Structure formats: structure tokens, C-alpha cells
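> Pasted the sequence and its predicted model underneath.
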Amino acid sequence: GQQVMQIPQYQHVQEGEDFTTYCNSSTTLSNIQWYKQRPGGHPVFLIQLVKSGEVKKQKRLTFQFGEAKKNSSLHITATQTTDVGTYFCAGPSGAGSYQLTFGKGTKLSVIP
Amino acid sequence: DSGVTQTPKHLITATGQRVTLRCSPRSGDLSVYWYQQSLDQGLQFLIQYYNGEERAKGNILERFSAQQFPDLHSELNLSSLELGDSALYFCASSAGLANYEQYFGPGTRLTVT
């Protein structure tokens, strides 16, 4: 079945440093979604990318969808303690699939 | 607040027992999804309902079942519980059938002793 891999699994950064997490799919995706889960919280939808090569920004967060629509990245500029949490990418489990396959996530710790 | 509600927040029960988790989707959302999240694990998709009908099934055990009622709330039934079933169970809802963002509830933490 389709697999979604995320790296790194953990990332510790000093406050103010940049952070990037990468997501790779074994198959071409029609779209990719990103979620953030704060410690003790529930996943919260951040964004959906649909087009090949698409880049979207939300303040300090930059999301990219690869040209081949098999990979994606999330980059945070100048991390803050409020960025702490686990970032998940998710893509449809197959062509026409109704379900999402989530990556295992990247857990971000920010050292003040 | 996502608008998705789940009850109970916490549940502690013994092995072999049966429990029911409840979820109310956001107003207007027709799709309900159930996920299991174990310690340091990602989100494992269990099952999806759309407007009362089962539409997708993931790695859901035969001991688990779910349904969505006419008022669109959903219940996840877990029976013959084992220690390994201890996990966070999230419900999510979305407006449509596929490719829509999902809104997650606060989750039910199940502990099987």
C-alpha cells in the first residue's frame, strides 16, 4: 500500500533557528495536507497543496509540493516556542481514495 | 475549538470489556473519520462514514465497529479489549467525501488495565 515517510522524526532547535521537515510518498499524490499537533492536543489542519510545484506561505511557515507530486516540505523561519509540536503530512491513500495516510510526523522542540 | 466533540475524554477499563466512544462532527460536515494514535505513533486510520454510510476502512480490527447515525454523530465500539488497545482515539470530520481538510476532536484517551 501507499506509504508516506517523514524525516526527521525529531528535531531540536534553538529559538530563532529555522526548521524543515520533509515528506515523501511512494506514489504520486493528488494533494497533500499538513497538520500540527501540540503536546497534549489534537491535530489541527494547516494547509492543503494541490498543484505540482506549489508553494504557499503562512507567516513564518512555507509549504512546498514537489514537481512530481511525490514529496513536500514545511519550512519554519525563525522558530518560536509556540511552534513546538508534531507536524504531520498526509495524502490520499490511493487514486480516488477517501482516506488519508498520515506520515509518522516530525516532533519539533524549541529551546528558548 | 474545532467544533468536533468527543466523549468521554478519558476512559479506564479492564481487559475483555467493551466500550463506546462518541463523536459529534462539526455542524454541516457529513464525513466522520476515526483514528487511533498510540504512544509515539502516527495517526492510524480506522474507518470513515459519509452521511450514514461506511465509505472507507483502514486497519480496523474485527473487534472494533462503528456507525454513523441519522443525526450524523458517530460511535466507535471497541470490544474484547486488550492492553494493546490503550491509545488516543480521535474523531475527525470534513465537509465532503474526499480531499477535504479534516477537523479533529479533542480525542478520547483509552486505558486498558
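Noted; the coordinates are in hand. Computed from a prediction, not measured in an experiment: that's the story for all the values here.
> Any residues of chain B in contact with chain A? List them.
Contact residues, chain B versus chain A (CB under 8 Å from any CB of the partner chain): B:2, B:31, B:33, B:41-43, B:45, B:48, B:50, B:55-56, B:58, B:90, B:92, B:97-99, B:101-107. Yep, even glycine has a C-beta here, placed from its N, CA and C like the rest.
> 7 Å instead?
With CB under 7 Å from any CB of the partner chain as the criterion, chain B meets chain A at residues B:42-43, B:45, B:48, B:55-56, B:58, B:90, B:97-99, B:101-107.
> Sort out for me which of the residues you listed are in strands.
Secondary structure assignment by DSSP state E places B:43, B:45, B:48, B:55-56, B:90, B:103-104 of the residues of chain B next to chain A in strands.
> any weak-confidence spans in the chain?
In the absence of a named chain, this looks at chain A. Low-confidence segments of chain A (pLDDT under 70): A:1.
> Oops, wrong one, chain B.
B:40.
> Nearest residue to the middle of it?
Chain B has residue B:34 as the residue nearest its centroid, 3.2 Å off, counting by CA atoms, centre = their mean.
> quick one: the closest residue to that one other than its chain neighbours and residue A:68, what's the gap?
Leaving out its chain neighbours, the residue that sits closest to residue B:34 by CB to CB, 6 or more residues apart in numbering or on different chains is residue B:46, at 4.2 Å. Distance from residue B:46 to residue A:68, counting by CB to CB, to the nearest Å: 30 Å.
> gap between residue B:45 and residue A:68?
Applying CB to CB to residue B:45 and residue A:68 gives a distance of 24 Å.
> if you count what's nearby, which of those two comes out ahead?
Between residue B:45 and residue A:68, counting by other CB atoms under 10 Å in any protein chain shown, residue B:45 is the more crowded of the two (23 against 11).
> Please name the bridge partners of the residue nearest the centre of chain A.
The centre of chain A sits closest to residue A:89, judged by CA atoms, centre = their mean, with a distance of 4.0 Å. Applying DSSP bridges to residue A:89 yields these beta-bridge partners: residue A:34.
> That one: what's it in contact with?
For residue A:89, the contacting residues are A:4, A:6, A:23, A:32, A:34, A:72, A:103, by CB atoms under 7 Å, 6 or more residues apart in numbering or on different chains.
> So what's the residue count around the third one?
Counted with other CB under 10 Å, the neighbours of residue A:23 add up to 28.
> List the contacts of it.
Going by CB under 7 Å, 6+ apart, residue A:23 touches A:4, A:6, A:32, A:71-73, A:89, A:103.
> now it: how far from residue A:32?
Counting by CB to CB - residue A:23 and residue A:32 are separated by 7 Å.
> Overlap in contacts, the two.
Residues within reach of residue A:23 and of residue A:32 at once, by CB under 7 Å, 6+ apart, are A:72, A:89.
> Any chance of the ones in strands among the residues of chain B next to chain A in a markdown table with distance to residue A:108 as columns?
Listed next are these as a markdown table, based on distance: CB to CB, whole Å:
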| residue | distance to residue A:108 |
| --- | --- |
| B:43 | 17 |
| B:45 | 23 |
| B:48 | 29 |
| B:55 | 33 |
| B:56 | 30 |
| B:90 | 20 |
| B:103 | 22 |
| B:104 | 19 |
